[in-house]
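Participant: Here you go, sequence then predicted model.
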Amino acid sequence: MAMDSSVKKTTLKLVLLTLTMFGFGFAMVPLYDVFCEVTGINGKTSNTPYQYQTEKVSIDESRIVTIQFVTNNNDKMGWDFYPKTTELKVHPGQLESVVFFAHNPSEQAMVAQAIPSIAPFDAADYLHKTECFCFNQQRLTSGEKVDMPMRFVIDQALPKHIKKLTLSYTLFDVTPSHSN
């Protein structure tokens, strides 16, 4: 029985749509990164420690920048996770530190990764972390609690109109799955 030409056209359209969707799925991450870079959305901070040299940095005591610290858990992450300080007022150039608390209440060891984001997005290049729990994955045994430090400096080149930053961390469960 021969296929009707309208059925052939519909089948071809559906196959092309499926292939296009499949290709788009692969291209999504690089496209998102380009979009974020062009628009300045999703203020990503660096994943490597900043080399702070006290002898080369002067503190701008004429300015105060407020930094808010916010944490979120990915929907599959059951840890208690929060900053011990939710807001800090700093002078650009001044090395500061804050502590974040994490607790694994589950009955098994878990591994977590914290992903940072900063707002306003154009401030991301001016927040330099010298030490951060987000540089490495965090493994906690069942019931373990830990204080995790984060040391940072706000660059003096931060645009003058930016007076408040929000540094947000989202915690993800990256525990390797074991299959037998």
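Facilitator: Alright, I've got the coordinates. Numbering: from 1, shown residues only.

Participant: Identify the residue spatially nearest to Gln156, adjacent ones excluded.
Facilitator: Distances taken as CB to CB, 6 or more residues apart in numbering put Pro92 closest to Gln156, at 4.3 Å, once the chain neighbours are dropped. C-beta: built from backbone N, CA, C; applies to glycine.

Participant: you'd agree the one you found is up against Arg63?
Facilitator: Yes. Between Pro92 and Arg63 there is a contact at 5.6 Å, judged by CB atoms under 8 Å.

Participant: quick revisit: count of residues packed around the residue nearest to Gln156?
Facilitator: Close neighbours of Pro92, defined as other CB atoms under 10 Å, add up to 20.

Participant: pLDDT averaged over stretch 79-97 - what is it?
Facilitator: The average pLDDT for stretch 79-97 rounds to 95.

Participant: swap in stretch 130-149?
Facilitator: pLDDT averaged over stretch 130-149 gives 94.

Participant: Kindly report the same for stretch 23-34.
Facilitator: 62.

Participant: And for Ser168, the neighbour number?
Facilitator: The burial count for Ser168: 16, using other CB under 10 Å.

Participant: contacting residues around the residue lying closest to it once chain neighbours are set aside?
Facilitator: Nearest non-adjacent residue to Ser168, counting by CB to CB, 6+ apart: Val70, 4.4 Å away. By CB atoms under 8 Å, 6 or more residues apart in numbering, Val70 lies in contact with Pro83, Thr86, Thr166, Leu167, Ser168, Tyr169.

Participant: could you point out which element follows the strand or helix carrying Leu19?
Facilitator: Using DSSP states H and E, Leu19 sits in helix 5-39. Going down the chain from helix 5-39, the next helix or strand is strand 65-73, by DSSP H and E.
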